[in-house]
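J.: Build the 3D model from these lines:
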Amino acid sequence: MSRIGKKAIEIPSNVTVEISNENVVTVKGPKGEDSQKVDKLIEVKLENNELTVNPLNSSKQANAFHGLYRSLIANMVEGVTEGYSKKLQIVGTGYRAQKQGKNLVMNLGFSHQVTMADPEGIEVETPDNNTIIVKGINKQLVGEHAAKIRAWKKPEPYKGKGIKYEGERILRKEGKTGK
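T.: Numbering: from 1, shown residues only. Reported below is the predicted structural model:
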């Protein structure tokens, strides 16, 4: 059995959890609503403001899903209460980002500006020209959108120019030495 799957998920007082007959878990909280379909090999129970996830049999597949679905449901509970965010930093002369309505417009050294629309359920903020904050209640969507933004100009190893996550260390290389 999964060590993570054995842990019960505590449900805060401002969050409601519904489990349908089709094994769809819906979590509603102050930041929004999220749902996840759970495999038929896994049983989800709600008792005394605690959610437990148990495999219905001891097959390899059920054991593999046990910790996975517990983590997904715990992430949904955290997402609707606190939300998730990823902070990106833009490094480089002339590189900058700004918000125009629902679009993120970036100057990244190309001959054109890069424009990205905010997906549904994701909010992008630019507190200054060199910082991008991606926020949302779904951990997977926040990380995916941040990765798409970063993919436009990954940091290069010589000067470190590009888009990087906050706190990310870029392995630097030494340039050519002239003789």
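J.: Can you get me a residue count around L88?
T.: 21 (other Cβ atoms under 10 Å). C-beta: built from backbone N, CA, C; applies to glycine.
J.: buried residues in the helix or strand hosting it?
T.: Assigned by DSSP states H and E, L88 falls within strand 84-91. Residues 84, 86, 88, 90-91 are the ones in strand 84-91 that count as buried (16 or more other Cβ atoms under 10 Å).
J.: Among those, which one lies nearest to L104?
T.: L88 (10.4 Å; Cβ to Cβ).
J.: Tell me the secondary structure at the residue lying closest to the closest one once chain neighbours are set aside.
T.: Of all residues not flanking L88 in the chain, I132 sits nearest, at 4.3 Å (Cβ to Cβ, 6 or more residues apart in numbering). When classified by DSSP: H, G, I helix; E, B strand; the rest coil, I132 comes out as strand.
J.: where does this protein dip in pLDDT?
T.: Counting by pLDDT under 70, the ranges of the chain that qualify are 1, 179.
J.: Tell me which stretches of it form strands.
T.: Assigned by DSSP state E, the chain shows strands spanning 9-10, 16-19, 24-29, 32-37, 42-47, 50-55, 84-91, 96-100, 103-107, 114-117, 122-128, 131-136, 162-165.
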